[in-house]
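> Provided below are the primary sequence and the corresponding predicted coordinates.
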Amino acid sequence: MLFPESRRALELVAGETPVWTDGYDIEAARAQARAAAAAEPREDVAEVRDLDADGVPVRLYRPGGARAGVVVHLHGGGFVFNDVEVHDAAARRLANRAGMAVISVDYRRPPEHRFPAAPDDVSTVLRWIEDNRDVADLRIHGPLYVHGDSAGANLALVAALRHPGRFTAAVLIYPFLDPRAGFETYRTRADGFDPREAAWYWQQYAASPADHDDPDLAPLLSDRLATLPPTLVVTAEHDPLCGEGEHLAGLLADAGVAVTATRYLGQLHGFWRHPAVFPAAEALLRQTAGFLGQYSPQQQD
């Protein structure tokens, strides 16, 4: 059943224009998301810096007394929406709870830049991190982790598959994985996330129908799942993506990956980023921090 906060959230968004509407204004929607994010309260972080990672904009967050390690954060938004500004408050909370540096990646988005622009940008950032490990001013040494929500979790998973052995652990929050929407949850759990919206995102992202069979876009098709590091997979009960996320967790378990899978009851897709609305968001953030802490050195960087 939907928890009360989820029911209220559905009532608030009931009148919004669907993305699949003819003439939908993507730029206006992006601007609206940035304006809404700018109005959110933001936690203080000891250091926040905007950097150029070989042509890809990133934002580095480092909390006071940070331990060694870097979390690469990849924002959600159906590949089309959101950016480092929209996810600034969430990245600050992640850095403070995890107690280590976070690098939030401003990857290119469709429809202006279709697949594989986004995963290529993530790969560029990973190379930049490795090339700058010894730069004293940056202090981006120690274990590397990857974290993403929704479409960002797709990119996080693809990054781990493209670069086996690079990450110490991965966190995938309601990952967006199946361009064919083949799981029953698209018909039984589509509260607040219409399957037509999901289909629209894939249409914007893929450069051609053939991309739907590319593991860099549809990572459930990968034959390299066994190469993944310890992975936390999180799903929301009332989310059409619940089926593909939990299917991924089963595949990882069968492949011998150390996987932890958690379904948050009563919750909707997107709850992770809105702790003022969804009390479970803070619980998930602390679960994420605890999971990363299992694989993190305790010394400061």
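Received it, and whenever you're ready, just let me know what you need. Residues are numbered from 1 along each chain as shown.

> Going by C-alpha atoms from here, please, whenever you check contacts or count neighbours.
Will do.

> sec struct for the closest residue in space to S150 that isn't next to it in sequence, please.
Spatial nearest neighbour of S150, excluding adjacent residues (C-alpha to C-alpha, 6 or more residues apart in numbering): P175 at 4.4 Å. Recorded secondary structure, P175: coil (DSSP: H, G, I helix; E, B strand; the rest coil).

> tell me the contacts of P175?
148-154, 233-235, 241, 244-245 (C-alpha atoms under 8 Å, 6 or more residues apart in numbering).

> which SS state does T260 fall under?
When classified by three-state DSSP, T260 comes out as strand.

> now the closest residue to it other than its chain neighbours: how far from V86?
Leaving aside its chain neighbours, T260 sits nearest to L232 (4.8 Å; criterion: C-alpha to C-alpha, 6+ apart). Using C-alpha to C-alpha, to the nearest Å, L232 is found at 24 Å from V86.

> Which one of these two is surrounded by more residues?
V86 (24 against 21; other C-alpha atoms under 10 Å).

> Give me the phi and psi angles of that one.
When quoted as degrees, to the nearest 10, the phi and psi of V86 stand at phi -60, psi -30.

> coming back round to it: list the contacts of the one helix or strand the residue nearest to T260 maps to.
Assignment of secondary structure by DSSP states H and E places L232 within strand 231-238. By C-alpha under 8 Å, 6+ apart, the list of residues contacting strand 231-238 from outside reads 2, 169-175, 189-191, 241-242, 245-246, 249, 257-269, 288, 291.

> can you do 7 Å?
169-174, 189-191, 242, 245, 249, 258-269 (C-alpha atoms under 7 Å, 6 or more residues apart in numbering).

> Could I have the buried ones of those as ChimeraX selection syntax?
Applying 16 or more other C-alpha atoms under 10 Å to the contacts of strand 231-238 leaves a buried subset, and the ChimeraX line that selects it is:
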select :169,170,171,172,173,174,189,190,191,242,245,249,258,259,260,261,262,263,264,266,267,268,269
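
> Could you list which of the contacts of strand 231-238 belong to strands?
Taking DSSP state E, the ones among the contacts of strand 231-238 that sit in strands are 169-173, 259-268.

> my guess is W128 meets L51, correct?
No. Using C-alpha atoms under 7 Å as the test, W128 is too far from L51 to be in contact (10.9 Å).

> picking up where we left off before, by neighbour count, sort out the buried ones in the contacts of P175.
148-154, 233-235, 241, 244-245.

> right, and out of these, which lies closest to A101?
The nearest member of the buried ones among the contacts of P175 to A101, counting by C-alpha to C-alpha, is G148 at 15.0 Å.

> How is the closest one assigned, secondary-structure-wise?
Recorded secondary structure, G148: strand (three-state DSSP).

> Over to V71?
strand.

> Quick one, grab the pLDDT at it.
V71 is assigned 98 on the pLDDT scale.

> Just grab the bridge partners of it for me.
V102, Y145 (DSSP bridges).

> before we move on, the earlier item: now do the residue nearest to T260 against V146, distance only.
Distance, L232 to V146, by C-alpha to C-alpha: 11 Å.

> okay but A281 is in contact with P275, surely?
Yes. At 4.9 Å, A281 and P275 qualify as touching, with contact defined as C-alpha under 7 Å.

> Looking at these two, which one has more neighbours?
A281 (19 against 15).

> Next up, phi/psi of the more buried one, please.
phi -60, psi -40.

> so which strand or helix has Y61?
Per DSSP H and E: strand 56-62 holds Y61.

> quick one: contacts of that strand?
45-52, 92, 95, 100-107, 121, 125.

> Apply 6 Å and report the result again.
Applying C-alpha atoms under 6 Å, 6 or more residues apart in numbering, the contact partners of strand 56-62 are E47, V48, R49, D50, L51, A101, V102, I103, S104, V105, D106.

> What strand or helix carries the fifth one?
Per DSSP H and E, L51 falls inside strand 47-53.

> Give me the sheet partners of that strand and which way each runs.
Counting by DSSP bridges, strand 47-53 is paired with strand 56-62 (antiparallel).

> Show me how far the strand it pairs with is from its chain's centre.
15 Å (C-alpha atoms, centre = their mean, to the nearest Å).

> Find the nearest non-adjacent residue to L284, please.
L284's closest residue in space is W272 (C-alpha to C-alpha, 6+ apart), at 7.0 Å.

> Surely that neighbour is in a helix?
Yes. Using three-state DSSP, the secondary structure at W272 is a helix.

> pretty sure A199 is in a helix, no?
Yes. Counting by three-state DSSP, A199 is part of a helix.

> Looking at the contacts of P175, which one is closest to F79?
Closest to F79, out of all of the contacts of P175 and judged by C-alpha to C-alpha, is A151, at 5.6 Å.
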